[in-house]
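S.K.: here is a sequence together with a model predicted from it:
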Amino acid sequence: MSAAQKLGPSSAKLRLDDKDIDLPIFIGSEGEKAIDVTKLRAETGYVTLDSGYMDTGACTSAITFLDGELGILKYRGYPIEEIAEKSSFLESSYLVFYGKLPSESEYKAFVQRIASFDDIPEGIKQQIKCFPKTAHPMAVLSANLVSLSAWNEDLCTQDLNKDQKDTAIAQLMGQIKVMAAYAYRHSQGKDFIKSDKSLDYCSDFVYMMTGDKNVKKEVAKALDVLLILHVDHEQNCSTSSVRMVGSSKANIFATISAGVDALWGPLHGGANQAVLEMLQEIKDSGKGYEAFLAEVKDKNSGSRLMGFGHRVYKNFDPRAKIIKVACDSVLQTLGVQDPLLDIAKGLEAVALKDEYFVARKLYPNVDFYSGIIYRALGIPTNMFTVMFAMGRLPGWMAQWKEMVEQPGFKICRPRQIYTGDTHNHYVAIKDRK
Ligand code: CMC
C-alpha cells in the first residue's frame, strides 16, 4: 500500500529583512517533513547553504525509504528483511525499476531479456586487454560503461521512450556482469569465458570469473542476497551523481559510469575493500583493538574505522544486521574459518562500547561484514566495489528513470555563496611581483 505524498496544510513562516514569507511544508508518505524553498530566492534574494547536503532533500522519490534513527529500509514499501529473505536480485531490480513486483510472465521476460545481453562488443573486449593488468577493475568498469555509448547510438538519444528504457536496464544489467568478470580475468592474465545463459545471474558471473560451472548453490544464493542489499539506498553519493549527470541529459551509459566513479571512493562503496585491508593490517601488525581504535579516534591520524558510521543511519544499518547473520551462515556452510571475521567481531564489540562511537552514533554499516563474505565466496578484494556497483546498477537506473519522467524535471544545478576576492584588476605578466 502506498499513501500519496501531500502538501501539508501548514506552512513555515520565515522573517527576513523585515518581511514575512510563508514557505510550504511538504510531507512524504512516511511522514518525513520538508520546507519547500523553491521560491525562496525569487521572493527574498536568499538561498539556503548546506554544505555536504546534510539537510537538503534534493528530490522527491517513491523508490526507497529509509529511517536512519530507527534503522528501517524499504524498497517500494517492502521491508528489506522480507526482500532479502524471499525475493531475488533480479526480482528486486524489477521492483525498484518498474515500481511493482512482476507477474510470473513479466519476471520470466525480464530475466530472459537480461540473459540475452550475454556478450559485449569486440572493441570493448580489446579495450579491456589494453589496460595494465594492475588496473583497478573499477577503472576498467567505468571506462567500459561509458564506451558502450559508442556502440549503442540508438540508446544515446536525449529522451528515451519506454522501449528504449526497457532495453537499457536489461542491456546494462546483462553487460555489467560480463564486463566485471572480464576485467577480473584480464587482471589475472586469463582468457575471457563466454557467458552461459543456462546459469542463474550470480552463478554465471562466478563461472565467467573462475571458469568453474559447478557454482555451489549456497555461494550463488549468498551473492544474490548481497546484491539485493545493495540495490538502492535513496540519495547517496553515487545515486546523486547519477541524477546530477543524467539531469544534463547525458546518455545513459555516461550517466551510469558517473555512478561507478562516485561509488569507488573509500567513504562510499570503496569502503568494503578498505575494511578488508584494515582488518588484514590489524592482523598483520598484531595491534590490539584498543590501540587501533585510539588511532582512528585521533583526528590527526587521518584514518577512520572503515565500515562504521553513516550519514543517515544513527542506529544499526539494517543491511549490516542481515549481512552479519549471512556471514556466519556462509562461512559455516562453506567450512571457511576466517581469522578476519573474528577480528571484525572483536573490533565491533569494543567500538560499540566505546564512548567516542556511542556519542557519535557510529554503528557498523553495510560494508563492515560484506567483504568477509565476498572473500569466503572466493571474490578477490579489488572486486568488492565492483560487486557493489553490480548490485546498485538497478537502483541507479530506477532513480534516473524516475527523475527524467517527473513532470517539471530540471537540470541539477546548485548555487553557491562566493567568498573570493572582489576587486582585482588585471596586471600584465611582466609587471607581476
Ligand atoms: N571512524 C572514526 N570516526 C568517524 C567515523 C569512522 N568510521 N565516521 C564518522 N566519524 C566521526 C567523525 O570524525 C566526526 O567526528 P567529530 O564530530 O568529532 O568531528 C563524526 O563522527 C561525524 O562524522 P562525519 O564525517 O561528519 O559524518 P558524515 O555523515 O559526513 O560521514 C561517513 C559519513 C560514512 C562518510 C563516515 O561515517 C565514514 O567516513 N565512515 C567510514 C567509511 C565507510 O564505512 N563508508 C561506507 C558508508 S556505508 C556504504 C555506502 O552507502 O556507501
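M.R.: Arrived safely. Numbers count the residues shown, from 1 in each chain.
S.K.: and the residue of the stretch 51-200 of the chain closest to the ligand?
M.R.: The stretch 51-200 of the chain approaches the ligand most closely through Gly52 (6.0 Å), counting by CB to the nearest ligand atom. Quick note: C-beta positions are derived from backbone N, CA and C, even for glycine.
S.K.: which ones are touching that residue?
M.R.: Not one residue lies near Gly52 by CB atoms under 8 Å, 6 or more residues apart in numbering.
S.K.: now do the SS call for it.
M.R.: Assigned with DSSP: H, G, I helix; E, B strand; the rest coil, Gly52 falls in the helix class.
S.K.: outside of the helix or strand harbouring Arg41, which residues touch it?
M.R.: Secondary structure assigned from DSSP states H and E places Arg41 in helix 40-44. The list of residues contacting helix 40-44 from outside it, by CB under 8 Å, 6+ apart, reads 14, 16-17, 19, 21, 23, 46-48, 415.
S.K.: and the residue of the stretch 51-200 of the chain closest to the ligand, what's its pLDDT?
M.R.: pLDDT for Gly52: 96.
S.K.: tell me how many other residues surround the residue lying closest to Asn251 once chain neighbours are set aside.
M.R.: Leaving aside its sequence neighbours, Asn251 sits nearest to Cys156 (CB to CB, 6 or more residues apart in numbering; 3.9 Å). By the criterion of other CB atoms under 10 Å, Cys156 has 17 neighbours.
S.K.: kindly report the same for the one 5 residues further on.
M.R.: Burial of Asn161, expressed as a neighbour count using other CB under 10 Å, amounts to 9.
S.K.: what about it, distance to Pro407?
M.R.: Using CB to CB, to the nearest Å, Asn161 is found at 17 Å from Pro407.
S.K.: any idea how this structure splits into domains?
M.R.: For the chain, automatic domain parsing gives the domain ranges 11-73, 88-264, 271-318+328-378.
S.K.: any idea how far apart the tips of the first one sit?
M.R.: What it means is domain 11-73. 28 Å (CA to CA, to the nearest Å).
S.K.: who touches whichever residue of the stretch 301-433 of the chain sits closest to the ligand in this structure?
M.R.: In the stretch 301-433 of the chain, the residue that lies nearest the ligand is Gly309 (2.3 Å; CB to the nearest ligand atom). Contacts for Gly309 (CB under 8 Å, 6+ apart) come out as 360, 362-363, 365.
S.K.: from Gln280, how far off is it?
M.R.: Taking CB to CB, one finds Gly309 at 20 Å from Gln280.
S.K.: which positions in the lengthiest helix in the chain come out as buried?
M.R.: When the chain is parsed with DSSP state H, its longest helix is helix 162-187. By 16 or more other CB atoms under 10 Å, the buried positions in helix 162-187 come out as 164-187.
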